[in-house]
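Student: Generate a structure from the sequence data that follows.
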Amino acid sequence: MKLTVVGCSGSFPSTESACSSYLVEADGYRLLLDMGNGALGELQRHIGLYDLDAVLLSHLHPDHCIDMCGYFVARYYRHEGGRADAIPVYGPEGTEQRLVTAYGDVPHEACMSEVFDFRTLAPGTFTLGPLTIRTARVSHPVEAFAFRVEHDGSSLVYSGDTGPCEALHELSRGTDLLLCEASFTHGKEDIPDLHLNGLEAGECAARAGAGRLVLTHIPPWTDPLTNLRDARSVYDGPAELAHAGAVYEVRRPEDQSRPGG
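Tutor: This is a model prediction of the structure:
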């Protein structure tokens, strides 16, 4: 299973990265986790516009979903070959209406469903192609989900946006790679049920026994090296900062995951 960081900036794009978006590939199947500001352009560095098989949206804040409006244009108004077939798009309740409202001037109210097969997320387990997906509701001001993606004995967990919560700890237990948000700085911001800081992300990885920790969703105003230092102070496994274009081979526990790209 391969993970590519399409974008990893939190809240708004930085000069180095688009907002949250992560491509997961296994056995020719391509799944995108989130499509925030700027992600659609970056995605085309890695795959073709019409190569995605499914999209999971962790929640409906713009830095995680707004480029779905541009992706609608690409699929609905495709010049060659006609309108693209509908692909599964999983999101919280109200995802279709939120995207239709964000786009604003759609041809008709049901047009997005012609290219996106909208499905409502709930805590549980389902399959997409060769992948098994486990979802958990996490702590954020809006309905938000974390995802565990499993394939052939390996797993990765994406936290989405969340404050500290038991659901993320349970979902992350024994995962090979924890892609964890670290928006806040320890000792600086303390807002319940909103985001994690680097120390909390490290504590989650340590408690879960995660094989690797990758910190993501760090806003441009937050010092990433401080968050990485804080995470490493409590987690003794491999820990690093996500960056756009990074590639990870997520392997079985007996193998070693390695970054590249």
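Student: just checking, what's the longest helix in the chain?
Tutor: helix 198-208 (DSSP state H).
Student: Does anything pack onto that helix? Which helices or strands?
Tutor: Helix 198-208 sits against helix 166-172, strand 177-181, strand 213-216, helix 224-232, with contacts defined as 3 or more C-beta pairs under 8 Å, 6 or more residues apart in numbering; DSSP states H and E. Every C-beta, even on glycine, is put in place using the N, C-alpha and C of the backbone.
Student: List the buried residues of the next helix or strand after the last one.
Tutor: On the C-terminal side of helix 224-232, the closest following helix or strand by DSSP states H and E is strand 239-241. With burial defined by 16 or more other C-beta atoms under 10 Å, the residues of strand 239-241 counted as buried are 239, 241.
Student: same thing with stretch 107-117?
Tutor: 112, 114-116.
Student: any residues touching it, and which ones?
Tutor: 55, 68, 72, 75-76, 83-89, 96, 99-100, 103, 106, 118 (C-beta atoms under 8 Å, 6 or more residues apart in numbering).
Student: average pLDDT for the longest helix of the chain?
Tutor: Helix 198-208 shows a mean pLDDT of 98.
Student: Number the residues from 51 up from this point.
Tutor: Taking 51 as the first residue, the last one we looked at is helix 248-258.
Student: so where is the stretch 201-311 of the chain shaky, pLDDT-wise?
Tutor: Residue ranges of the stretch 201-311 of the chain with pLDDT under 70: 303-311.
Student: Three-state assignment for the spatially closest residue to Val156 that is not a sequence neighbour, please.
Tutor: With sequence-adjacent residues excluded and distances taken as C-beta to C-beta, 6 or more residues apart in numbering, Val156 is closest to Val150, at 5.6 Å. Assigned by DSSP: H, G, I helix; E, B strand; the rest coil, the conformation of Val150 is helix.
Student: State the distance from the residue most central in space within the chain to Gly179.
Tutor: Nearest to the mean C-alpha position of the chain, by C-alpha atoms, centre = their mean, lies Leu83 at 4.0 Å. Separation of Leu83 from Gly179 (C-beta to C-beta, to the nearest Å): 14 Å.
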